[in-house]
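Enquirer: Everything below, folded, please.
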Amino acid sequence: MKPIVHKLEFMPSREFKARAHEALGNTGQRRSFRGAMDFLQAKRAAQFPDAAELEALRTLGEGIRQRCLSKLPELLETLEARLTANGVQVHWAETPEQANAIIRGLVVATGGDLVLKGKSMVSEEIELNHHLAEHDITAIESDMGEYIVQLAGEKPSHIVMPAVHKTRAQIARLFHEKVPGAPLTEDVDALIRIGRHAIRDLYPQAKVGLSGVNFAVAETGTLCLVENEGNGRMCTTVPDVHIAITGIEKVVEFLSDVPPLYSLLTRSATGQPITTYFNMISGPRRDGERDGPKQVHLVLLDNGRSQAFADEQLRATLQCIRCGACMNHCPVYARVGGHAYGTTYPGPIGAIISPHLLGLQNTKDLPTASSLCGACGEVCPVRIPIPDLLLRLREEAVRAPDQSVSHPLKGQGAAHDPHLAGVWRLWAWLHANPLRYRAYTWLATRLRGLMPRKQLGWTLHRIALKPAPKTLQERLAERQR
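Expert: Numbering: from 1, shown residues only. Sure thing, here's the model as predicted:
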């Protein structure tokens with residue numbers, strides 16, 4: 001029996017404030033997120049004991065991503081040519097609707113109605129599962145975290161660990177209720193076995209396997225897939241048809257560009273020196289080969305990425321390698337979780353990429369969902385200046401809709417308030433003249449009694465970070481005292 005596919009309800013990101021307030025009241029979830037983020041921060045730190053090596057590697061990674069983005073149009077053409085020569089069929093999609101239609105058409109052409117999916121955030125971005133379900137095609141997630149949230153009828157709350165918001169007890173109850181014959185147990189190994197057995201028998205039944213892409217190499221026409229569970233390899237080799245989907249920004253120029261980015265990705269994401277599996281797919285099964293798909297397709301999706309590419313500053317958004325380190329270190333994300341954002345990509349990276357995918361009219365609150373502490377920029381392995389981009393998007397959100405700019409964003413001016421703009425003009429007028437400024441500050445000091453005594457905002461809900469472990473020198477100094 002095929003597992004039930006739950007249809008999810010889209011959560012507009014403009015409701016971020018209400019959902020964040022609700023999340024802050026969930027003390028159990030906040031405690032779970034805080035513990036998970038502390039754990040991931042510690043694992044990442046342990047993988048980069050040499051600060052000089054880390055900064056050198058970040059510089060290398062940043063240079064690779066910037067070089068490849070500077071050549072993006074020509075690299076995409078080269079990638080298509082190399083893949084086509086390798087026997088891979090390349091499809092271009094400007095919108096989620098086009099991507100969904102392409103994938104649905106490929107599935108229908110096989111005569112099948114079951115798709116086994118490896119982990120793919122781009123498929124979440126276009127809400128592929130729900131589109132296929134509307135056309136009587138079942139898509140089953142084979143990544144364990146994605147499988148858990150699919151059974152729960154939820155969206156992933158983290159781009160690397162989709163079910164990080166779930167406790168062991170919640171997963172145990174979910175499997176017991178949703179997986180036929182599953183006992184009620186909280187043993188982690190037993191839960192993993194339950195999930196694996198539920199999915200494994202479906203691989204031979206599926207005519208189509210779908211995956212994401214971590215790096216697409218233009219030089220060789222190779223699709224690189226990073227994973228730990230082996231489900232990605234199963235999805236890309238057992239079914240007769242393999243469909244890969246990725247954003248246009250994932251292309252790299254040379255095969256030699258991959259190892260530094262791979263090293264940064266795994267160590268920044270999960271604190272691993274290397275993942276269990278690293279798949280390199282260069283085409284369908286050749287004559288004489290006994291396994292592998294008979295067809296390989298790649299869907300290249302734009303969905304607002306060309307808007308970011310057109311702006312010299314915002315182009316840095318596309319450097320992202322989807323490690324999630326910015327989320328793991330973000331004080332806001334750690335308190336409200338991923339579902340509060342209402343978008344496929346939560347946290348700091350979501351706040352800067354979602355406005356391009358969904359428009360500022362739907363995401364105007366996300367760039368302000370930040371304390372601007374700078375932690376996201378400090379840990380980004382490819383040095384995306386996230387705080388600077390957040391400020392830029394805040395500016396675009398309040399910019400007058402009729403104000404001419406070289407590269408207008410979708411939904412520009414969504415947060416524009418003429419009254420607030422008038423207040424800021426008054427502020428600028430007061431601060432532009434020394435006499436006016438002195439008069440203003442003299443008056444302000446005499447009216448300070450009208451200010452609230454308690455500071456409002458997210459600081460009311462702060463949970464102190466764990467102190468850094470003491471160094472050997474500090475412990476010896478304490479003993480001497």
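
Enquirer: drop to CA atoms for contacts and neighbour counts, all remaining ones
Expert: Fine.

Enquirer: which residue ranges form the strands in this protein?
Expert: Applying DSSP state E to the chain gives strands spanning 89-93, 114-117, 138-141, 208-211, 215-217, 222-227, 241-247, 251-252, 277-281, 295-301.

Enquirer: which secondary structure elements does the shortest one contact?
Expert: Same thing as strand 251-252. helix 51-70, helix 72-85, strand 215-217 (3 or more Cα pairs under 8 Å, 6 or more residues apart in numbering; DSSP states H and E).

Enquirer: Tell me which of these lies nearest to His176.
Expert: His176 sits nearest to strand 215-217 of all the helices and strands packed on strand 251-252, at 37.2 Å, using Cα to Cα.

Enquirer: Okay, now the sheet partners of the closest one, with direction.
Expert: With DSSP bridges as the test, strand 215-217 is paired with strand 222-227 (antiparallel), strand 251-252 (parallel).

Enquirer: ok, back up a step: Throw the strands of the chain into TSV and include distance to Leu83 and mean neighbour count, thanks.
Expert: Shown next, in TSV, are those (distance: least, Cα to Cα, whole Å; neighbours: other Cα atoms under 10 Å):
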stretch	distance to Leu83	mean neighbour count
strand 89-93	7	17
strand 114-117	21	27
strand 138-141	26	24
strand 208-211	16	28
strand 215-217	9	27
strand 222-227	7	22
strand 241-247	12	24
strand 251-252	12	28
strand 277-281	10	17
strand 295-301	9	22
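
Enquirer: Now tabulate these in CSV and tack on distance to Ala163.
Expert: Shown next, in CSV, are the strands of the chain (distance: least, Cα to Cα, whole Å):
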stretch, distance to Ala163
strand 89-93, 29
strand 114-117, 16
strand 138-141, 13
strand 208-211, 19
strand 215-217, 24
strand 222-227, 16
strand 241-247, 22
strand 251-252, 28
strand 277-281, 21
strand 295-301, 25
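
Enquirer: was I right about Val336 contacting Arg31?
Expert: No. Under the criterion of Cα atoms under 8 Å, Val336 makes no contact with Arg31, lying 10.5 Å away.

Enquirer: between these two, who's got more neighbours?
Expert: Of the pair Val336 and Arg31, Val336 is the one with more neighbours under other Cα atoms under 10 Å, namely 24 against 14.

Enquirer: Return the residues in contact with that one.
Expert: Neighbour list for Val336: 20-21, 23-24, 30 [criterion: Cα atoms under 8 Å, 6 or more residues apart in numbering].

Enquirer: what's around Glu312, how many residues?
Expert: Around Glu312 there are 10 residues (other Cα under 10 Å).

Enquirer: right, I mislabeled it, should have said Gln361
Expert: A total of 18 residues lie near Gln361 under the criterion other Cα under 10 Å.

Enquirer: on that earlier part again, and the strands paired with strand 215-217 as JSON lines, adding mean pLDDT and distance to Asn129?
Expert: Converted to JSON lines, the strands paired with strand 215-217 look like this (pLDDT from 0 to 100; distance: least, Cα to Cα, whole Å):
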{"stretch": "strand 222-227", "mean pLDDT": "97", "distance to Asn129": "20"}
{"stretch": "strand 251-252", "mean pLDDT": "98", "distance to Asn129": "25"}
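
Enquirer: how about these, which one is nearest Val115?
Expert: When the strands paired with strand 215-217 are compared (using Cα to Cα), the closest one is strand 222-227, at 18.1 Å.

Enquirer: Let me see the contact set for Gly283.
Expert: Going by Cα under 8 Å, 6+ apart, Gly283 touches 83, 86-88, 222, 295-296.

Enquirer: follow-up on the earlier one: of the contacts of Val336, which is the nearest to Leu79?
Expert: Of these, the one sitting nearest to Leu79 (Cα to Cα) turns out to be Ala20, at 41.4 Å.

Enquirer: Any stretches of the stretch 51-200 of the chain with poor pLDDT?
Expert: Across the stretch 51-200 of the chain, nothing is flagged by pLDDT under 70.

Enquirer: Asp158 and Glu55: what is the separation?
Expert: Not quite, residue 158 is His, not Asp. Between His158 and Glu55 the computed distance is 26 Å (Cα to Cα, to the nearest Å).

Enquirer: who's more crowded, these two?
Expert: His158 (23 against 15).

Enquirer: Chain neighbours aside, what residue packs nearest to that one?
Expert: Gly338 (6.0 Å; Cα to Cα, 6 or more residues apart in numbering).

Enquirer: Ramachandran angles for that neighbour?
Expert: Main-chain torsions, Gly338, degrees, to the nearest 10: phi -80, psi -30.

Enquirer: Which of the strands of the chain sits closest to Leu447?
Expert: strand 241-247 (53.7 Å).

Enquirer: List the contacts of the residue lying closest to Ile349 once chain neighbours are set aside.
Expert: Take Ile349 and drop its neighbours on the chain: the residue closest to it by Cα to Cα, 6+ apart is Cys326, 6.9 Å away. Counting by Cα under 8 Å, 6+ apart, Cys326 touches 347-349, 375-377, 379-380.

Enquirer: could I get the strands paired with strand 215-217 as TSV with distance to Asp417?
Expert: Converted to TSV, these look like this (distance: least, Cα to Cα, whole Å):
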stretch	distance to Asp417
strand 222-227	45
strand 251-252	40
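
Enquirer: Nearest to Gly288 among those strands would be which one?
Expert: strand 222-227 (20.7 Å).

Enquirer: relative orientation of that closest one and helix 72-85 in degrees?
Expert: 90 degrees (axes from the mean of the first three to the mean of the last three Cα atoms, to 10 degrees).

Enquirer: Give me the angle between strand 222-227 and strand 277-281.
Expert: 160 degrees.

Enquirer: sorry, back to before: and the contacts of Val336, which are buried?
Expert: With burial judged by 16 or more other Cα atoms under 10 Å, the buried subset of the contacts of Val336 is 20, 23-24, 30.

Enquirer: Just give me the least confident of those.
Expert: Lowest in pLDDT among these is Arg30, which has 88.

Enquirer: Now do the same contact list for that one.
Expert: Counted by Cα under 8 Å, 6+ apart, Arg30 has contacts 23-24, 334-337.

Enquirer: Out of those, name the ones that lie in helices.
Expert: Among the contacts of Arg30, the members falling in helices are 23-24, 334-336 (criterion: DSSP state H).

Enquirer: so which of these comes closest to Ala397?
Expert: Using Cα to Cα, Val336 comes nearest to Ala397 of the ones in helices among the contacts of Arg30, at 22.6 Å.

Enquirer: which of the buried ones among the contacts of Val336 sit farthest apart?
Expert: Among these, Ala20 and Arg30 lie farthest apart (Cα to Cα), at 11.2 Å.

Enquirer: residues near Thr395, how many?
Expert: Heads up, residue 395 is Glu, not Thr. Neighbour tally, Glu395, other Cα under 10 Å: 16.

Enquirer: residue contacts, it?
Expert: Contacts of Glu395 (Cα under 8 Å, 6+ apart): none.
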